[in-house]
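>>> I'd like to go over a predicted model; first the sequence, then the structure.
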Amino acid sequence: MGHVDHGKTSVLDVLRSANVVSGEFGGITQHIGAYQIESHSNKLTFIDTPGHAAFTEMRARGTQLTDVVVLVVAADDGVKPQTIESIKHAKAANVPIVVAINKCDLPEADPQKIKNQLLEYELIAEDLSGDTLMVEISAKTKLNLEKLVESILLQAEILDLKTDFESKATGVVLESKIDVGRGPVANIIVTTGTLKKGDFFVSGLKWGKVRAIINDKGKNINEAPPSTPVEILGINGAAKAGDDFIVLDNEKEAKLLSESRAEEAKVGKNPLSFATQESAFSSKSAEELNLIIKSDVHGSSEAIKNAISQIKHEEVKPKIILADIGMVTETDVTLAKASNAVLIAFNVKPSKEAKKLAENEGIKISSYNIIYEVLDYIKKRMSGLLMPDVKENISGNAEVLQIFKVSGAGKVAGCKITEGEINSTSDVRLIRDGNIIYTGKVSTIFREKNQVKNVSNGQECGITIKDYMDYQKGDIIEAFNITSKERTI
């Protein structure tokens, strides 16, 4: 990451060409947007962030994609706006930074000036008694490029990075396309587990079965371990950059999770909140509300931060990822989108460019000039993250006595209501030997060949359940309803 013209591409190209044999350079590596190099038996995967604006979005979604950010700063130019933006994005994603001070071969290069400028952003070089690794390099002369790789490996060793090779694979989509002749193609990085040919998976709202795995050298492989960038064939549509990639046990689970996500998207769920294999069937709420605050003066900023720190709750808490002064900029909007943050403007206005970008991206900029109104708004947004109080009420039970067929209705469960009542709009679950076999809704209720709206305790009736017919004698049909009550802070 880094500012334009500071040499990011040059550094990447030198590292790439040093590791790719003749004939492979410029092939699929360029399309995947990530590639591996090997140094002293260690594999490093580099992600080309200039072509992948979804970098911070992927981090914000908790995918743990990037372990180390290499910040490239030109020794003859210094810290620039995109340098600062890169630092903020890396810190928002809580990723350690290794600084590559490039163009040190130039006569006007001043690496010490760069180190002094970075002090303002809490990046302190080791020779200034800090803990940020900084390497003076030149992509042109290849000065200290090996040392840069060693510094990345050292940072990785300090982080003590570990992952599970044996579990079902998870990953992140870097980009996606529709390829003539091959169909939809997803370029991903495997983050945990080992991806295998034939695996069923979900990615964003799409699903599929891995038909082919192609590595960054353009070769077909049968499996991809963690940190491997690959192309995947077999997805049923184009995924989005930043989408997760989850392997499941079978086709049924993959379809179910994909359909669940599609349904959530239809009813207006936040597009940055993705279900995982675990969370799709659980009710765990979010724990943090990310905040970006722009204010007119430092005094206002500090007052707001102090007031926010007093908002306490066991299940959800506010997290300020940026508090700064000045107008709302495009960078602030981008960061808000990437980290799913609430963007608040206190006594300041957005720039024209920021306002337009916010409108295009669907980001709301909330403007206030009274602190308690800011706090009320934050509490309201935090309340929205609380899971409602949910209660389940059992309204009735029926025992299946026999199964018979009715013309036009198919199999019908002949039942006797043993408790409460069941109506034609009830949610029901079919229980067999104490195990829940199916959960759905009542389709029809028959009494003496006539359809009725409800049946009560002691009555006999015929019941059909929507999309289910495998009834057995002795089954219990349990009717229930769920009520929920919103909670506030």
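Good, I have the coordinates.

>>> so what strands line up beside the lengthiest strand in the chain?
Ranked by residue count, the top strand of the chain under DSSP state E comes out as strand 389-406. Note on strand 389-406: by DSSP bridges, its sheet partners are strand 410-423 (antiparallel), strand 476-485 (antiparallel).

>>> Excluding its own residues, what touches it? List them.
Contacts to strand 389-406, defined as C-beta atoms under 8 Å, 6 or more residues apart in numbering, come from residues 283, 411-423, 426, 446, 449, 455-457, 460-463, 471-485, 487. The C-beta positions use only the backbone N, C-alpha and C, and glycine is treated the same way.

>>> Buried subset of those, written for PyMOL?
Applying 16 or more other C-beta atoms under 10 Å to these, the buried members can be selected in PyMOL as follows:
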select buried, resi 412+413+414+415+417+419+420+421+422+423+426+446+455+461+462+463+471+475+476+477+478+479+480
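
>>> any idea how far residue 438 is from residue 477?
10 Å (C-beta to C-beta, to the nearest Å).

>>> Identify the contacts common to these two.
429-430, 465.

>>> Please identify which of those is nearest to residue 303.
Of all the shared contacts of residue 477 and residue 438, the one with the least separation from residue 303 (C-beta to C-beta) is residue 429, at 53.2 Å.

>>> hang on, the earlier thing: okay if I get the shared contacts of residue 477 and residue 438 as TSV plus neighbour count?
Converted to TSV, the shared contacts of residue 477 and residue 438 look like this (neighbours: other C-beta atoms under 10 Å):
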residue	neighbour count
429	16
430	22
465	23
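
>>> can you put the residues you listed in a markdown table and add distance to residue 257 and pLDDT?
As requested, these are exported to a markdown table (distance: C-beta to C-beta, whole Å; pLDDT from 0 to 100):
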| residue | distance to residue 257 | pLDDT |
| --- | --- | --- |
| 429 | 21 | 94 |
| 430 | 23 | 95 |
| 465 | 23 | 94 |
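
>>> Rebuild these as CSV, extending it with secondary structure.
Formatted as CSV, the shared contacts of residue 477 and residue 438 follow (DSSP: H, G, I helix; E, B strand; the rest coil):
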residue, secondary structure
429, strand
430, strand
465, strand
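
>>> residues in contact with the nearest residue in space to residue 396 that is not next to it in sequence?
Residue nearest to residue 396 in three dimensions, not counting chain neighbours: residue 420, with 3.3 Å by C-beta to C-beta, 6 or more residues apart in numbering. Residues in contact with residue 420 (C-beta under 8 Å, 6+ apart) are 394-397, 456-457, 479.

>>> repeat that for 7 Å
Counting by C-beta atoms under 7 Å, 6 or more residues apart in numbering, residue 420 touches 395-397, 457.

>>> Name the nearest of the residues you listed relative to residue 158.
Closest to residue 158, out of all of the contacts of residue 420 and judged by C-beta to C-beta, is residue 395, at 58.6 Å.

>>> What's the local residue count around the closest one?
Here the number of neighbours of residue 395 (other C-beta atoms under 10 Å) works out to 17.

>>> again, but for the one 5 residues further on
Residue 400 has 19 neighbouring residues, counting by other C-beta under 10 Å.

>>> try residue 149
19.

>>> Tell me if I'm right that it and residue 39 touch.
Yes - applying C-beta atoms under 7 Å as the test, residue 149 and residue 39 come out as touching, 4.9 Å apart.

>>> still on that earlier bit, dump the longest strand of the chain to CSV, restricted to CA.
C-alpha atoms of strand 389-406 as CSV (Å, rounded to 0.1, in the frame of the first residue of the first chain):
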residue,chain,number,x,y,z
ASP,A,389,-35.9,-10.9,23.4
VAL,A,390,-37.4,-13.9,21.7
LYS,A,391,-40.0,-16.2,23.2
GLU,A,392,-41.4,-19.4,21.8
ASN,A,393,-44.9,-20.4,22.8
ILE,A,394,-46.3,-24.0,22.2
SER,A,395,-49.9,-23.6,21.1
GLY,A,396,-50.8,-27.2,20.5
ASN,A,397,-49.9,-30.8,19.9
ALA,A,398,-51.3,-33.5,17.7
GLU,A,399,-50.5,-37.3,17.5
VAL,A,400,-50.4,-38.9,14.1
LEU,A,401,-52.7,-42.0,14.3
GLN,A,402,-52.7,-43.0,10.6
ILE,A,403,-51.7,-41.8,7.1
PHE,A,404,-54.1,-41.7,4.2
LYS,A,405,-54.2,-40.1,0.7
VAL,A,406,-56.5,-37.3,-0.4
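
>>> Next one: residue 281, what pLDDT does it get?
pLDDT recorded at residue 281 is 43.

>>> try the one 4 residues further on
In this prediction, residue 285 carries a pLDDT score of 42.

>>> what's the following helix or strand after the lowest-mean-pLDDT helix or strand in the chain?
Least confident helix or strand of the chain, by mean pLDDT, DSSP states H and E, is helix 28-32 with a mean of 36. Sequence-wise, the next helix or strand downstream of helix 28-32 (DSSP states H and E) is strand 34-39.

>>> Which SSE is immediately downstream of that next one?
strand 42-47.

>>> buried set for that next one?
Buried residues in strand 42-47 (16+ other C-beta under 10 Å): 44-47.

>>> mind putting the residues you listed in CSV, pLDDT and distance to residue 4 included?
As requested, the buried residues of strand 42-47 are exported to CSV (pLDDT from 0 to 100; distance: C-beta to C-beta, whole Å):
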residue, pLDDT, distance to residue 4
44, 89, 24
45, 89, 24
46, 86, 19
47, 80, 18
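
>>> Can you flag the weakest of the strands paired with strand 389-406 by average pLDDT?
Among these, strand 476-485 carries the lowest mean pLDDT, at a mean of 89.

>>> For that one, report the contacting residues that lie outside it.
So strand 476-485 is contacted by 388-400, 413, 415, 422, 426-431, 463 (C-beta under 7 Å, 6+ apart).

>>> Please apply the same query to stretch 428-435.
So stretch 428-435 is contacted by 436-442, 465, 468, 472, 475-479 (C-beta under 7 Å, 6+ apart).

>>> repeat for stretch 80-91
Residues contacting stretch 80-91 (C-beta under 7 Å, 6+ apart): 1-4, 56, 69, 71, 73, 97, 121, 123, 322, 331, 335, 338.

>>> Can you mark which positions in the longest strand of the chain are buried?
395-400, 403.

>>> just stretch 335-352 next, same as before
Neighbour counts over stretch 335-352 (16+ other C-beta under 10 Å) mark 335-346, 348, 350-351 as buried.

>>> Give me the subset of these lying in strands.
Using DSSP E, those in strands are 342-346.

>>> Among the residues you listed, which one sits closest to residue 111?
Of these, the one sitting nearest to residue 111 (C-beta to C-beta) turns out to be residue 343, at 36.0 Å.

>>> wait, isn't the closest one in contact with residue 365?
Yes - between residue 343 and residue 365 there is a contact at 5.2 Å, judged by C-beta under 7 Å.

>>> okay, and the common contacts of these two?
Taking C-beta under 7 Å, 6+ apart as the contact rule, residue 343 and residue 365 both touch residue 328.

>>> Would you mind putting the ones in strands among the buried residues of stretch 335-352 into TSV with pLDDT and distance to residue 103 alongside?
Converted to TSV, those look like this (pLDDT from 0 to 100; distance: C-beta to C-beta, whole Å):
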residue	pLDDT	distance to residue 103
342	93	39
343	95	35
344	95	39
345	94	38
346	89	40
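
>>> Looking at stretch 245-257 now, give me its mean pLDDT.
Rounded mean pLDDT across stretch 245-257 is 94.

>>> Tell me the buried residues in it?
245-248, 253-254, 256-257.

>>> Stretch 129-142 now?
132-139.

>>> Tell me the backbone dihedrals of residue 91, please.
The phi and psi values for residue 91, taken as degrees, to the nearest 10, are phi -70, psi -40.

>>> Brilliant, that's me finished.
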